[in-house]
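sequence plus the predicted model coming up.
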Amino acid sequence: MDVIEAHNLHKSFGPVVAVDGVSIAVEKGGIFGFLGPNGAGKTTTIRMLTGVLTPDEGTALIGGIDIHKNPLGAKMKMGIIPENGTVYSDLTAEQNILWTAKFYGLDKSLREQRAFEILARLGLTGRRHDLVRTFSKGMRQRISIACAIVHSPPVLVLDEPTTGLDVYSRRLVIDTIRHMNEEGSTILLTTHNIEEANALCSSICIINKGKIVATGSPEKLKKTFDTSRYVEISFEQPVKRDVFTSQGIIRVENHGDKWRIFMDDPDLAVKYLAALAEQDHLKIVSIATSNPSLEEAFVQLTAGA
Ligand SMILES: Nc1ncnc2c1ncn2[C@@H]1O[C@H](COP(=O)(O)OP(=O)(O)O)[C@@H](O)[C@H]1O
Ligand SMILES: [Mg+2]
């Protein structure tokens with residue numbers, strides 16, 4: 001069953017077409033990533049899905065409930081972490097969570113139990129009585145997530161949850177997303193970070209200029225772009241591009257102290273490079289064959305963005 005469905009969403013701001021016919025279907029239990037460069041239309045799509053913006057055209061359903069016909073019903077099923085988290089600076093960490101839990105109708109003992117668990121999970125127990133105004137960006141984002149998950153929502157929607165966070169906060173945020181998913185929440189998140197999408201998501205769609213350009217599992221999308229394989233090599237001595245002369249070479253790229261040699265057959269490329277090093281008395285510092293990367297798929301699909 002699809003717990004998040006969007007059909008043909010459109011939104012323009014004056015002459016700017018921000019979202020141009022986006023449809024998505026997120027299966028129950030998955031972690032669905034919305035991956036795209038800045039300005040692709042991710043936030044605008046999320047705002048329509050969460051009832052913040054009314055689409056010019058199209059519909060969005062959360063757990064089968066139309067967000068625009070029954071916003072409260074749909075929102076009770078969701079935890080939402082917007083691009084710029086909304087937390088109350090003049091309340092403490094714990095008060096933010098308890099207050100939100102009350103809004104969702106949890107009774108007092110459950111509110112206290114959830115606040116206790118979530119503060120611990122997000123590494124905030126020691127700061128629970130401090131005002132949020134004294135918190136770093138990473139800590140504020142953790143509070144924003146704490147509030148969004150307090151009612152154990154079946155659907156969790158996060159807009160760039162890790163952008164700009166310190167390493168520690170980022171790890172806690174990702175662990176929490178995984179934990180919520182294991183507990184049964186279906187996750188929809190946006191990111192412009194390919195590695196994050198690759199590591200976290202069971203399914204992704206790539207959005208560019210308001211349109212979805214590809215959908216599938218990260219592995220499937222990688223395979224679609226399996227064609228160009230390369231071997232990356234670095235030598236102790238500096239070398240010039242024209243030392244690479246084998247016939248099978250498709251192209252040569254220089255990346256810092258490394259060279260990427262694109263050939264159809266990585267096996268031949270490695271053997272050729274070993275022979276070249278031997279012949280020219282070059283000492284190899286490192287050599288590695290590439291796996292098809294999601295980044296490559298992404299770059300090709302969003303070229304000219
Ligand atoms: N409220 C707004 N008013 C005018 N233009 C907007 C507004 N929100 C977004 N846009 C424009 O819509 C496009 C998509 O933006 P957005 O959905 O924020 O992209 P993303 O989240 O993928 O970076 C951009 O060109 C952006 O400038
Ligand atoms: Mg955005």
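Yep, it's here. Numbering: from 1, shown residues only. Ligands and ions are numbered 1, 2, ... in the order given.

any idea how far Ser293 is from whichever residue of the stretch 51-200 of the chain sits closest to ligand 2?
Going by Cβ to the ion, ligand 2 is nearest to Glu83 of the stretch 51-200 of the chain, at 5.1 Å. Quick note: C-beta positions are derived from backbone N, CA and C, even for glycine. Counting by Cβ to Cβ, to the nearest Å, the gap between Glu83 and Ser293 amounts to 27 Å.

now Lys283
From Lys283 to Ser293 the distance is 28 Å (Cβ to Cβ).

between the two, who's got more neighbours?
Counted by other Cβ atoms under 10 Å, Lys283 and Ser293 do not tie: Ser293 has more neighbours, with 15 against 9.

quickly find the element holding the residue lying closest to that one once chain neighbours are set aside.
Using Cβ to Cβ, 6 or more residues apart in numbering and skipping the chain neighbours, the partner closest in space to Ser293 is Lys222 (6.5 Å). With elements taken from DSSP states H and E, the one containing Lys222 is helix 218-224.

and the next element down the chain from that helix?
Following helix 218-224 in sequence order, the next helix or strand is strand 230-235 (DSSP H and E).

alpha carbons of that following strand, in PDB - could you do that?
Extracted C-alpha coordinates of strand 230-235, given in PDB (Å, rounded to 0.1, in the frame of the first residue of the first chain):
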ATOM      1  CA  TYR A 230      37.500   3.900 -14.900                       C
ATOM      2  CA  VAL A 231      40.600   3.100 -13.000                       C
ATOM      3  CA  GLU A 232      42.000   5.700 -10.700                       C
ATOM      4  CA  ILE A 233      45.700   5.800 -10.300                       C
ATOM      5  CA  SER A 234      48.400   7.900  -8.700                       C
ATOM      6  CA  PHE A 235      52.100   7.800  -9.200                       C
END
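
so the residue of the chain found nearest ligand 2, which of the three states?
Ligand 2 sits closest to Thr43 of the chain, with a gap of 3.2 Å, by Cβ to the ion. Here Thr43 is helix, with the state taken from DSSP: H, G, I helix; E, B strand; the rest coil.

tally of neighbours for it?
Residues near Thr43, counting by other Cβ under 10 Å, number 21.

for the most centrally placed residue in the chain, give its distance to ligand 1.
Taking Cα atoms, centre = their mean, the centroid of the chain lies closest to Thr191, which sits 3.3 Å from it. In this structure, Thr191 and ligand 1 are 10 Å apart, going by Cβ to the nearest ligand atom, to the nearest Å.

cool, and Thr92?
Applying Cβ to the nearest ligand atom, the value for Thr92 to ligand 1 is 31 Å.

so what's that residue up against?
Arg128, His129, Asp130, Leu131, Val132 (Cβ atoms under 8 Å, 6 or more residues apart in numbering).

re the thing from before, could you check how far the residue of the chain closest to ligand 2 is from Gly58?
Using Cβ to Cβ, Thr43 is found at 16 Å from Gly58.

so which residues of the stretch 151-300 of the chain form strands?
Ranges of strands in the stretch 151-300 of the chain, per DSSP state E, counting those that start in this stretch, are 155-159, 186-191, 203-208, 211-216, 230-235, 249-255, 258-263, 284-289.

possible to save those as CSV with mean pLDDT?
Below are the strands of the stretch 151-300 of the chain laid out as CSV (pLDDT from 0 to 100):
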stretch, mean pLDDT
strand 155-159, 96
strand 186-191, 96
strand 203-208, 94
strand 211-216, 93
strand 230-235, 93
strand 249-255, 91
strand 258-263, 91
strand 284-289, 93
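
Val26: which of those strands is closest?
Of all the strands of the stretch 151-300 of the chain, it is strand 186-191 that lies closest to Val26, at 5.7 Å by Cβ to Cβ.

now do the closest one and strand 203-208, the angle between them.
Strand 186-191 and strand 203-208 are oriented at 30 degrees to each other (axes from the mean of the first three to the mean of the last three Cα atoms, to 10 degrees).

what's strand 186-191 packed up against?
Judged by 3 or more Cβ pairs under 8 Å, 6 or more residues apart in numbering; DSSP states H and E, the packing partners of strand 186-191 are strand 2-13, strand 16-27, strand 31-35, helix 42-49, strand 155-159, helix 167-182.

neighbouring strands - and their directions - for it?
Strand 186-191 sits in its sheet next to strand 31-35 (parallel), strand 155-159 (parallel), going by DSSP bridges.

hmm, who's touching the first one?
Under the criterion Cβ under 8 Å, 6+ apart, residues 4, 24, 26, 42, 45-46, 177, 181, 186-192, 194, 196-197, 200-207, 298 lie in contact with strand 31-35.

now do the last one
For strand 155-159, contacts defined as Cβ under 8 Å, 6+ apart pick out 3-4, 42-43, 46, 49-50, 62-63, 77-83, 145, 148-149, 177, 180, 185-190.

any bit of it sitting next to ligand 2?
No: Strand 155-159 does not reach ligand 2 (Cβ under 5 Å from the ion); its nearest approach is 6.0 Å.
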